[in-house]
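Participant: Predicted model, plus sequence, below.
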Amino acid sequence: FELVMILERFEESLIIMKNVLCWDYSEITSLKLNARKSENNRLKESTRLLLKELLKSDYKLYNHFLELFHHKLEVFGKEKMEEELTKLSIANNEISSQCSISLIENKK
């Protein structure tokens, strides 16, 4: 794969994808819909360790692509990424200002 996007680094993934595909910001802008507030539902450490063992193959695959992603970030350059993230934020804000989306609280 040329690029595997990492959810925890979604915006950086979009920037790298934009550059790989020679796209413009208008092709990667997004609105946060159905975003939920973090509710601090932490797993117990024993549960986390059990899941890590049960999902060993998934962890191995994820960590492999995470390492490749970090290498792509290094090659791309920290300063360049910060500039690109600022431009993406501006583009997202412009799109957001054109739409009427309101924030609502999580339902209990």
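Facilitator: Arrived safely, thanks for sending. This is a predicted model, so every value here is computed, not measured. Numbers count the residues shown, from 1 in each chain.
Participant: all contacts plus neighbour counts: C-alpha atoms, from now on.
Facilitator: Will do.
Participant: what sits against Leu7?
Facilitator: Listed by C-alpha atoms under 8 Å, 6 or more residues apart in numbering, the contact set of Leu7 is empty.
Participant: Could you rerun that using 10 Å?
Facilitator: Neighbouring residues of Leu7 by C-alpha atoms under 10 Å, 6 or more residues apart in numbering: Ser13.
Participant: Also the one 10 residues further on?
Facilitator: For Met17, the residues meeting the contact criterion (C-alpha under 10 Å, 6+ apart) are 2-5, 11, 23, 28.
Participant: just Glu45 next, same as before
Facilitator: Taking C-alpha under 10 Å, 6+ apart as the contact definition, Glu45 lies against Leu51.
Participant: Restrict the contacts of Met17 to the buried ones and give me that as a PyMOL selection.
Facilitator: In PyMOL, this line selects whichever of these come out buried by 16 or more other C-alpha atoms under 10 Å:
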select buried, resi 5+11
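Participant: Flag the least confident of the contacts of Met17.
Facilitator: Within the set of the contacts of Met17, pLDDT is lowest for Glu2 (81).
Participant: these two touch, right, it and Ser13?
Facilitator: No: with contacts counted by C-alpha atoms under 10 Å, Glu2 stays clear of Ser13, the gap being 11.7 Å.
Participant: Now for Ala91, which secondary structure element holds it?
Facilitator: Here Ala91 sits within helix 78-98, counting by DSSP states H and E.
Participant: Check the offset of that helix from the chain's centre.
Facilitator: In terms of C-alpha atoms, centre = their mean, to the nearest Å, the centre of helix 78-98 is set 14 Å apart from its chain centre.
Participant: And for stretch 49-57?
Facilitator: 23 Å.
Participant: after the strand or helix carrying Thr47 comes which helix or strand?
Facilitator: Assigned by DSSP H and E, Thr47 belongs to helix 45-54. Next helix or strand after helix 45-54 toward the C-terminus (DSSP H and E): helix 56-76.
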